[in-house]
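Asker: Quick one: sequence and predicted model below, then my questions.
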Protein chains: 2
Amino acid sequence: MLTYELKKSPGVPLYEALYRCIRGDILSGKLAPGTKLPSKRALAQNLEVSKITVEGAYDQLLAEGYIRSREKVGYFVEEIDRLPPASVPPIREQLPAQVPVDLTGTGTEKFPFSVWSRLQREVMLDYGEKLLLPLHNQGTLELRRAIAKHLSDFRGMTVDPRNILVGAGTDFLYNLLIQLLGRDKIYAVEDPGYDKIRRIYAAGGVECVSAAMDGYGVIPEKLGAARVLHISPAHHFPTGLVTPVGRRQELLRWARQRDGYIIEDDYDSEFRFDAHPKPTMQSLDHSGRVVYMNTFSKTLAPSIRISYMVLPTEMMEAFREKLGFYSCTVSSFEQYTLARFLDSGHFEKHINRMRKFYRTRRNRVLEILDRSPYADRMTIREEDAGLHFLVTVDTELTDEALVARCAEAGIRVRALSQYYHTAVPESGRHTLVVNYASVREEQLEAALAQI
Amino acid sequence: MLTYELKKSPGVPLYEALYRCIRGDILSGKLAPGTKLPSKRALAQNLEVSKITVEGAYDQLLAEGYIRSREKVGYFVEEIDRLPPASVPPIREQLPAQVPVDLTGTGTEKFPFSVWSRLQREVMLDYGEKLLLPLHNQGTLELRRAIAKHLSDFRGMTVDPRNILVGAGTDFLYNLLIQLLGRDKIYAVEDPGYDKIRRIYAAGGVECVSAAMDGYGVIPEKLGAARVLHISPAHHFPTGLVTPVGRRQELLRWARQRDGYIIEDDYDSEFRFDAHPKPTMQSLDHSGRVVYMNTFSKTLAPSIRISYMVLPTEMMEAFREKLGFYSCTVSSFEQYTLARFLDSGHFEKHINRMRKFYRTRRNRVLEILDRSPYADRMTIREEDAGLHFLVTVDTELTDEALVARCAEAGIRVRALSQYYHTAVPESGRHTLVVNYASVREEQLEAALAQI
């Protein structure tokens, strides 16, 4: 006779618990196909439950095809297609390893918790039900207006909020761009560069090639058959190069002549320390060839997933026609909160505070390097922008050995050569990329002494 | 002489304002290539600004290649590649049209604002800096654990949090699945079905075919060359069909034999009104063939963009290996808030309240239909689950005319036949799909009287 210990648990009626036990036995094979089940009355007595409970369980098993009923004979286990449960190998949760000095991370200092929290509350109170309505798939008009104003104030850009598309991170936006521009085109990315961008294009199903660079940026003549170019002219990662206006114009000409497109990744333009920011390529473009892209994950925190792009009008119309079925990926609560954060001037204050904070930290890190025993063997480059600089080391060590030596002393750092996809030129060797955003100065000093 | 009205504006130094004016004139062609600019001193006098201001502007123009300097002669406008600004056609903001009775929408009643707001505050206070750290790309462990527990309690599923992947909406997750399963496979979707799913697959670059259905669900023998099957066995949209366990087993057998995959879209399983929910296909699968998918956009609000999928272990490992570079798309703030909402039992309470609320509304809508002059010409079907049912109308009108007649009376509703991708069978005609989630009962009654 079937015997189960039926535990009462909240939300699960007794018949359901019994049903699950029997189903489990059928699926595991303990109850073989063709087996006759006990009568309802007998099973009810055996389990000390009411007959109605057994009836409920049998009915459900019948309804789902686990058993069948033969009139006046009883209930029989059905021929169910089953397999033994696969032994599930345990998966490791990949947690970032802790190192004393991380020169590869991003910083999150100075996030204005109390302001953000207050704005969240205000948004809940002020918007109420409106927060729950389906979102415009480009993002709320409030946030797009706030972004347009920010771009005007900070980057001198003239942007219509209707040309802005908000999304949960640039990864997602790149995927949309592939679908919008098409998989029949070849995409070029900077080399050296941020490997993730290349991987996203590859995963998106497009051919991705290296764009050769010289001291001014990507070389238009060497773009070959590429039709889409992904660049960060304001501050190339990892070299720190700023593309001058002349080259920007040449690249725009390339785009027009090739019927091509330029994706302008302006990812850390807020953290420039020099006085004269260059105009964006989006501002220089008058023929609908430039997609401007930026993110709040760099300026607020990597865990805040709000990015956006500014599409030329024709491309935005194509998006609406071809991809208008997509839903917006950023929740209304955060969109409205960020819009207020921008409109109230808190973002500007935050950026100014961060810029000051990072400038101080950069100077402290530079001082520490300058005081270190290896100072005369190091040359610092491109320290004026973004949150990283380059250190070229006069050494016989290979780059792998150099990085390993730092790791031994507890310093996580990457070599410039690790960012090359094709052959590394001589100028790309013996150079470390120092992201100082998340570094603790005391620890850096201690670690340097250990090398 | 160049004359500009230089307005002081906060954050923009005067030299910058002047630089922008001159740059604008160069780009627009007002200042032709080769034009000699006034001397710094002369321009400073003319504009009544300091010479340092003009110097700052000229330096920036020089640095960016807009002008060049000929020693002891002066400054000249460079040959800049430019085009007249394209006339930007105004874009319409597409706002959803207002209709008195919308039978196509989703509902947002009863959202627990005060609880959500309190949890948001708690999360800010309790997590602090931790909120700012880079996210695990599958989502925070807290949220994945809470989801696994919810799936166990509500769906009887045994799910390891390590197999859960959280994303900003199912649209994004479908795109990940395409990249994970590959574009070389043929994907089959239910016909009739939710057209958006087909469009997303098409935009993702895969061949998408119709899966033929009978009264039990998708027919495995008719899946042809398809290798991936996207279905909603718990409640097919729009017919309301529930796939019985026998057919589920057949489909699982199909997947194993075909080396195929089943994407189980469990999108509105929380809103079933009958007592006996069927087990999910994920629970029946022991060979890693089923991806389970669900969303909180249906149960909380369409503007809350949190969905998730449960991947078989092998697929999760493939995700980590091939697509591990992707960042999580849901901000930490909302992930932690939702985790607490689930863990504290508020989600369960919310669902119960919603289920009761919708059951009452459904009954009221059914009553109204029953009282209407056309009651004897209507047959109601599949009213036990989800937030919609079917009404078959005994009429000579074509479906287009029927929908248009409703629209005239202020009722937005779609016909079942509009959800077919291939030929509509006779059983699919003269039938309306009634989403009652967002309907106002009084307005429905008034509108029905007008038909």
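Answerer: Received the coordinates, thanks. Numbers count the residues shown, from 1 in each chain, chains lettered A, B, ... in the order given.
Asker: now the stretch 201-350 of chain A, which segments are flagged as low pLDDT?
Answerer: Low-confidence segments of the stretch 201-350 of chain A, defined by pLDDT under 70: A:273-277.
Asker: For it, which segments are assigned as helices?
Answerer: Listed in chain order, the helices of the stretch 201-350 of chain A (DSSP state H, counting those that start in this stretch) span A:245-258, A:281-284, A:313-323, A:332-343, A:346-371.
Asker: Parallel or antiparallel, which strands does the next helix or strand after the longest one pair with?
Answerer: Stepping forward along the backbone from helix A:346-371, the first helix or strand reached (DSSP states H and E) is strand A:378-381. Its sheet considered, strand A:378-381 pairs with strand A:388-393 (antiparallel) by DSSP bridges.
Asker: Next SSE downstream of the partner strand?
Answerer: Helices and strands here follow DSSP H and E; after strand A:388-393, the next one along the chain is helix A:399-408.
Asker: Counting by contacts, list what that next one packs against.
Answerer: Here helix A:399-408 touches strand A:414-415, strand A:431-435, going by 3 or more Cβ pairs under 8 Å, 6 or more residues apart in numbering or on different chains; DSSP states H and E. The way it works is simple: take the backbone N, C-alpha and C, and place the C-beta from them, glycine included.
Asker: Touching that helix from outside, list them.
Answerer: By Cβ atoms under 8 Å, 6 or more residues apart in numbering or on different chains, the residues outside helix A:399-408 that reach it are A:99, A:393, A:395, A:397, A:412-418, A:429-432, A:450-451.
Asker: again, 6 Å this time
Answerer: A:413, A:415, A:417 (Cβ atoms under 6 Å, 6 or more residues apart in numbering or on different chains).
Asker: Can you narrow those down to the ones near chain B?
Answerer: Residues of the contacts of helix A:399-408 in contact with chain B (Cβ under 6 Å from any Cβ of the partner chain): none.
Asker: which one of those residues is nearest chain B?
Answerer: Comparing these against chain B with Cβ to the nearest Cβ places A:Val413 closest, at 17.7 Å.
Asker: you'd agree the closest one is up against A:Val433?
Answerer: No: with contact defined as Cβ atoms under 6 Å, A:Val413 does not reach A:Val433; the gap is 7.1 Å.
Asker: Compare these two (neighbour count), which wins?
Answerer: Counting neighbours by other Cβ atoms under 10 Å in any protein chain shown for A:Val413 and for A:Val433 shows that A:Val433 has the greater number, 23 against 20.
Asker: one step back: could you say which of the helices and strands packed on helix A:399-408 is packed most deeply?
Answerer: A comparison of the helices and strands packed on helix A:399-408 by mean neighbour count, using mean count of other Cβ atoms under 10 Å in any protein chain shown, puts strand A:431-435 on top with a mean of 23.
Asker: elements contacting that strand?
Answerer: strand A:388-393 (3 or more Cβ pairs under 6 Å, 6 or more residues apart in numbering or on different chains; DSSP states H and E).
Asker: Tell me which residues of the strand it packs on come out buried.
Answerer: Neighbour counts over strand A:388-393 (16 or more other Cβ atoms under 10 Å in any protein chain shown) mark A:388-393 as buried.
Asker: Next, the angle from that strand to helix A:399-408.
Answerer: Strand A:388-393 runs at 110 degrees relative to helix A:399-408, counting by axes from the mean of the first three to the mean of the last three Cα atoms, to 10 degrees.
Asker: So what touches strand A:388-393?
Answerer: A:377-383, A:430-435.
Asker: Only alpha carbons, please: show that strand as CSV.
Answerer: Extracted in CSV, the C-alpha atoms of strand A:388-393 (Å, rounded to 0.1, in the frame of the first residue of the first chain):
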residue,chain,number,x,y,z
HIS,A,388,43.0,55.5,-16.1
PHE,A,389,46.5,56.3,-17.4
LEU,A,390,49.4,54.4,-18.9
VAL,A,391,52.7,53.6,-17.2
THR,A,392,55.5,52.5,-19.5
VAL,A,393,58.1,50.5,-17.6
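Asker: quick one: average pLDDT of that strand?
Answerer: Average pLDDT, strand A:388-393: 89.
Asker: now it: how far from the chain's centre is it?
Answerer: In terms of Cα atoms, centre = their mean, to the nearest Å, the centre of strand A:388-393 is found 26 Å from the chain centre.
Asker: now that strand and helix A:346-371, what's the angle there?
Answerer: Strand A:388-393 runs at 10 degrees relative to helix A:346-371, counting by the same axes, to 10 degrees.
Asker: returning to that earlier point: report the lowest-confidence entry in the contacts of strand A:388-393.
Answerer: When the contacts of strand A:388-393 are compared by pLDDT, A:Glu383 scores lowest at 66.
Asker: just the buried residues of strand A:388-393 now: which is nearest chain B?
Answerer: Nearest to chain B out of the buried residues of strand A:388-393 is A:His388 (Cβ to the nearest Cβ; 16.4 Å).
Asker: What sits closest to the closest one if chain neighbours are left out?
Answerer: Distance criterion Cβ to Cβ, 6 or more residues apart in numbering or on different chains; nearest residue to A:His388, sequence neighbours excluded, is A:Asn435 at 4.4 Å.
Asker: Quick check: the gap between the one you found and chain B.
Answerer: A:Asn435 sits at a distance of 13 Å from chain B (criterion: Cβ to the nearest Cβ, to the nearest Å).
Asker: same question, A:Ile306
Answerer: 7 Å.
Asker: Can you get me a residue count around that residue?
Answerer: Neighbours of A:Ile306 (other Cβ under 10 Å): 23.
Asker: ok, now the one 5 residues further on?
Answerer: Other residues lying near A:Leu311 total 23 when counted by other Cβ under 10 Å.
Asker: That one: what's it in contact with?
Answerer: A:163, A:291.
Asker: Could I get the helices and strands packed on helix A:399-408 in a markdown table, plus columns for distance to B:Phe347?
Answerer: Below are the helices and strands packed on helix A:399-408 laid out as a markdown table (distance: least, Cβ to Cβ, whole Å):
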| stretch | distance to B:Phe347 |
| --- | --- |
| strand A:414-415 | 42 |
| strand A:431-435 | 39 |
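Asker: before we move on, the earlier item: kindly indicate which of the contacts of strand A:388-393 lies nearest A:Leu284.
Answerer: Among those, A:Glu382 lies closest to A:Leu284 (Cβ to Cβ), at 23.0 Å.
Asker: ok, back up a step: out of the helices and strands packed on helix A:399-408, which is closest to A:Arg144?
Answerer: Nearest to A:Arg144, of those and by Cβ to Cβ, is strand A:431-435 at 30.9 Å.
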